[in-house]
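Peer 1: Pasting a predicted model and its sequence here:
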Amino acid sequence: MSLAEAIAALKAGRFVLVHDDKARENEIDMVVAAEHIKPYHIATMRKDAGGLVCLAVANEITSKLGLVYMHDIIAEMGKVNPIFSKLTEGRTSYGDKPSFSIAVNHRSTHTGITDQDRALTIMKMAEVCKNIDNGGIEQFARDFRAPGHVPILIASKRLLHDRMGHTELCVYLTQLADIKPAVAICEMMDSMTHRALSIEAGEKYAARFGIPLIDASELKANARVA
């Protein structure tokens, strides 16, 4: 399917599959716009994808909320306990630092982990993004608690020009779709091989359910990133 079809699907609250570079993670993420999230989206991600359900958010939003990378939080804790400094040494096998920040729950959730709870947390975070310059910061501080069950991922400032991770690829898609810059993403796993789902298996899944599958190369070409 084309990039235009993926954009239309994201705008309509349907799933999109995004494959990153084969030389990087070489994984497929199941993606849905945060503003359209429903419990059945979480259930589908949990059953058909099986990875970690996260919320990728644009840098201009997270910076206004004062969020920082978990890597930096742990490194700062190294001043208290040197073991924390050890934990942040080096880089991942795919070459850069993870985009994880804190994990949150909305205060009206129960345990925070159910399909209903996670969908509510993500939907309310989409509202924070919408209201970021009109009470969203206060809304975040008032209505959420941490730690929680929805990890927030911070996109790089210049997106694909800075980093080629799923966080950036998917937030870039929200720009193209002209929707709130927050998406729920989940890696697709393979319970037969116990590894990430292969691109071939991902293509079969996409065809079976009529879900657009976009490769990082298409997004890089659109963004004119070498």
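Peer 2: Thanks, I have it.
Peer 1: worst-scoring helix or strand of this structure, pLDDT-wise?
Peer 2: helix 216-223 (a mean of 90; mean pLDDT, DSSP states H and E).
Peer 1: can I get the CA coordinates of that one in CSV?
Peer 2: Provided in CSV are the C-alpha atoms of helix 216-223 (Å, rounded to 0.1, in the frame of the first residue of the first chain):
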residue,chain,number,x,y,z
ALA,A,216,11.4,3.5,6.7
SER,A,217,12.9,4.0,3.3
GLU,A,218,9.6,5.5,2.1
LEU,A,219,9.4,7.9,5.0
LYS,A,220,13.1,8.8,4.5
ALA,A,221,12.5,9.6,0.8
ASN,A,222,9.5,11.7,1.6
ALA,A,223,11.5,13.6,4.3
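Peer 1: Which strands or helices does it pack on?
Peer 2: Here helix 216-223 touches helix 3-11, strand 16-19, helix 166-177, going by 3 or more CB pairs under 8 Å, 6 or more residues apart in numbering; DSSP states H and E. The way it works is simple: take the backbone N, C-alpha and C, and place the C-beta from them, glycine included.
Peer 1: For the helix ranked longest in the chain, buried residues please.
Peer 2: Scanning the chain for the longest helix, with DSSP state H as the assignment, gives helix 115-130. Neighbour-count burial for helix 115-130, counted by 16 or more other CB atoms under 10 Å, picks out 115, 117-130.
Peer 1: Contacts for that helix, please.
Peer 2: Contacting residues not belonging to helix 115-130 are listed as 33-35, 37-43, 46, 53, 55, 57-58, 61, 65, 104-106, 108-112, 136, 139-140, 143-144, 148-150, 152, 180-182, 184 [CB atoms under 8 Å, 6 or more residues apart in numbering].
Peer 1: Just these: which are in helices?
Peer 2: Using DSSP H, the contacts of helix 115-130 in helices are P39, Y40, H41, I42, A43, I61, L65, Q139, F140, D143.
Peer 1: Buried only: go through the residues you listed for me.
Peer 2: Applying 16+ other CB under 10 Å to the ones in helices among the contacts of helix 115-130 flags H41, I42, I61, L65, Q139, F140, D143 as buried.
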